[in-house]
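Student: okay, predicted coordinates and the sequence, questions at the end:
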Amino acid sequence: MQWEYLVDSYITGGPLNAGAMDPTLATEKLNQFGAKGWELVASYPTANNNGGTKLLVFVYKRAKEDAMTSGKYEPATIIRKN
């Protein structure tokens with residue numbers, strides 16, 4: 001099976017981006033991607049200059065659609081010679 005990946009980031013709030021976040025908004029983002037078949041496989045924070053969290057990064061994966069499973073498969077035409 002082949003996978004495709006998506007990286008999304010969430011800007012944290014609060015004074016000087018000190019790491020405050022809205023869990024409701026984060027949950028909404030996770031549910032939106034999940035509804036599209038994306039599975040969260042990793043998350044990590046990035047730091048700003050004062051040591052607070054600047055971004056939360058989410059890494060998702062899902063199975064790559066191939067022609068057989070996407071509904072775009074068209075069987076080959078068989079040509080018979082008489």
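Tutor: That came through fine.
Student: mind listing the helices for this protein?
Tutor: Listed in chain order, the helices found in the chain under DSSP state H are 23-35.
Student: go through it and flag its longest strand.
Tutor: For the chain, the longest strand by residue count, based on DSSP state E, is strand 53-63.
Student: now do that one, average pLDDT.
Tutor: Mean pLDDT, computed over strand 53-63, is 88.
Student: same check on stretch 36-48?
Tutor: Per-residue scores along stretch 36-48 average to 90.
Student: run through who's touching it.
Tutor: For stretch 36-48, contacts defined as C-beta atoms under 8 Å, 6 or more residues apart in numbering pick out 6, 12, 16-17, 19, 30, 33-34, 53-63. In this view, the C-beta of every residue, glycine as well, is placed from N, C-alpha and C.
Student: rerun that using 10 Å as the cut-off
Tutor: By C-beta atoms under 10 Å, 6 or more residues apart in numbering, the surrounding residues in contact with stretch 36-48 are 3-10, 12, 16-19, 21, 26, 29-30, 32-34, 52-63, 65.
Student: of these, buried ones?
Tutor: When burial is judged by neighbour count using 16 or more other C-beta atoms under 10 Å, the buried members of those are 8, 10, 12, 17, 19, 30, 33, 52-54, 56, 58, 60, 62.
Student: from those residues, which two are the most distant?
Tutor: Between any two of those, the greatest separation by C-beta to C-beta is 31.7 Å, found for G52 and R62.
Student: so K29 versus V7, what's the distance?
Tutor: Remark: distance between K29 and V7 (C-beta to C-beta, to the nearest Å) = 13 Å.
Student: need the overlap of contacts for those two.
Tutor: Residues within reach of K29 and of V7 at once, by C-beta under 10 Å, 6+ apart, are F58.
Student: skip the chain neighbours and tell me the closest residue to A26.
Tutor: Using C-beta to C-beta, 6 or more residues apart in numbering and skipping the chain neighbours, the partner closest in space to A26 is Y10 (6.0 Å).
Student: from E39, how far off is that neighbour?
Tutor: Taking C-beta to C-beta as the measure, Y10 and E39 are separated by 17 Å.
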